[in-house]
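Participant: Provide a 3D model corresponding to the input given below.
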Amino acid sequence: MSYSIGVIGTGYVGLVTGTCLAETGNSVHCIDIDPKKIDMLRQGILPIYEPGLQHYLERNVREQRIQFSLDLAEAVRSCTLLMLCLPTPPGEDGSADLQYVLTAVRTIGELLNSLDITDPRIIINKSTVPVGTCELVRNILREVAPTRDHHVVSNPEFLREGFAVEDFMKPDRVVVGTSSPYAEEIMRDLYEPFLHSGNPVYVFDEKSAEVTKYAANAFLATKISFMNDLSAYCETVGADVEKIRIGIGADDRIGKRFLFAGIGYGGSCFPKDVKAIVYAARQAGTPLEILESVGRVNKRQVERFVERLRLRFDGLLEGRVLALWGLAFKPNTDDVRDAPAFAIIDAVRAQGALVKAYDPEARETTKRVYADAITYATSPYDACDGADALIIATEWNEFRKPDWNRLKTLLVRPLVFDGRNLFDVDDMLAEGFEYHSIGRGSAIPDTSDPDV
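Facilitator: Model (predicted):
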């Protein structure tokens, strides 16, 4: 059957969740407190870039299966399912800030009373939250609306930015945490259209579902940091981290994914979630020692990359013009939260360098941070015109097959620092470029400029 669903919060998770649930015939009410954002969405304008989402949004707006509003009361009145898709930003100590989630829950409870709602309501937490949050939500509802019929569910999302629509429409698993048989039955039915290939719904207790989300992201971040830690060793001893990736990735116990060495992970999930679970475990008296090192390795990786760049210029970046390809933390998104490119920008600007940056989607999100402190190029080649070196920070597909001859005419010297290992070292040597990447030997042509 179809459901009336209130999605509270129209950020990345809320928009993908609401739009995809509308696509299967549900009536979705997306609620936010930002009038400007709601106005944009009513016009079919997305505030984020996510491949495929615009198409689904336009269709479901046209078919009137999704609507956008500032009116939380209407969503509580008309929707059986209320999905919390709210931010949980990290505090200075790494803890997840639950103020948005818990404030919304208290307001929902008050509305259940004031609207005299007698039908059951299922409050579903899709936000990434610490273990025990469902219990906090349940306690607030019992305090504020003790006579109302409410059920609490943890339903963590496992969406990859750049592939979020595909991940929601064809999930490899759905995790539901609830102690309510009523809520379990409805959640199974809600996700049934997305699971025709036979992938499972796992129903856990609430705490296990909450930890599952953190554990998944923390484990993937650990794989990345393991390879990045290994890359420094490879550079020292003369091994090739790319060959090692292939060698260990062929073992199905390890798997091929998330083994690419680079300048570290970023985005809205991995940095925040690693910090949050490390903080929570420390508070519980059971520190997660491996994960405590994951964040340190990630931070050190980009610092090491910048130091190699600095040493290439004899420790003097003052006045150097550096071309930067990629601003988003990963391709196929405009998300720049905790982007390694930003760490590079901050480090080289602190040493007096000038940055000319290009990204296919993240120009506007970057401008909100840097304004006119850096130069925004109109193309990859425009970024390189007159630059002393090219830095690659994001592995967008359009960067993979450049015109090397054209780049030679634009760059002051044929010098590339590749933070994503896009190119083969021998191929770069053959093209006549000095090429430095991650965890591999460098290409140093005989024709490299001797006076730098």
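Participant: quick one: R142 from R188, how far?
Facilitator: Distance of R142 to R188, computed by Cβ to Cβ, to the nearest Å: 25 Å. C-betas here are computed from N, CA, C, even on glycine.
Participant: show me what contacts V131?
Facilitator: 207, 210-211, 214, 280 (Cβ atoms under 8 Å, 6 or more residues apart in numbering).
Participant: Now do the SS call for it.
Facilitator: What DSSP: H, G, I helix; E, B strand; the rest coil gives for V131 is coil.
Participant: ditto for A347
Facilitator: Here A347 is helix, with the state taken from three-state DSSP.
Participant: Pretty sure it sits against K299.
Facilitator: No - the pair A347 / K299 is not scored as a contact, 11.4 Å apart, by Cβ atoms under 8 Å.
Participant: Of these two, which one has the most company?
Facilitator: A347 (18 against 15; other Cβ atoms under 10 Å).
Participant: contacting residues for G52?
Facilitator: Residues near G52 by Cβ under 8 Å, 6+ apart: 165-166.
Participant: Okay, now the unreliable bits of the stretch 301-450 of the chain?
Facilitator: Residues of the stretch 301-450 of the chain meeting the criterion pLDDT under 70: 447-450.
Participant: what ranges do the strands span in it?
Facilitator: Remark: strands assigned in the stretch 301-450 of the chain by DSSP state E, counting those that start in this stretch are 321-325, 354-358, 375-376, 389-392, 415-418, 434-436.
Participant: ok, longest helix in the protein?
Facilitator: helix 206-237 (DSSP state H).
Participant: Can you give the distance from that one to the centre of its chain?
Facilitator: 15 Å (Cα atoms, centre = their mean, to the nearest Å).
Participant: For the following helix or strand past it, output the C-alpha coordinates as CSV.
Facilitator: Proceeding N to C from helix 206-237, the next assigned helix or strand is helix 241-249, under DSSP states H and E. Only the C-alpha atoms of helix 241-249 are listed here, as CSV (Å, rounded to 0.1, in the frame of the first residue of the first chain):
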residue,chain,number,x,y,z
VAL,A,241,50.6,1.2,-3.9
GLU,A,242,48.4,0.8,-7.0
LYS,A,243,49.8,-2.6,-7.7
ILE,A,244,49.4,-3.5,-4.0
ARG,A,245,45.8,-2.4,-4.2
ILE,A,246,45.2,-4.8,-7.1
GLY,A,247,47.0,-7.6,-5.3
ILE,A,248,45.1,-7.4,-2.1
GLY,A,249,41.8,-6.3,-3.6
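Participant: Touching helix 241-249 from outside, list them.
Facilitator: 227, 230-231, 234, 254-257, 259-261, 421, 438-440.
Participant: Many thanks, we can stop here.
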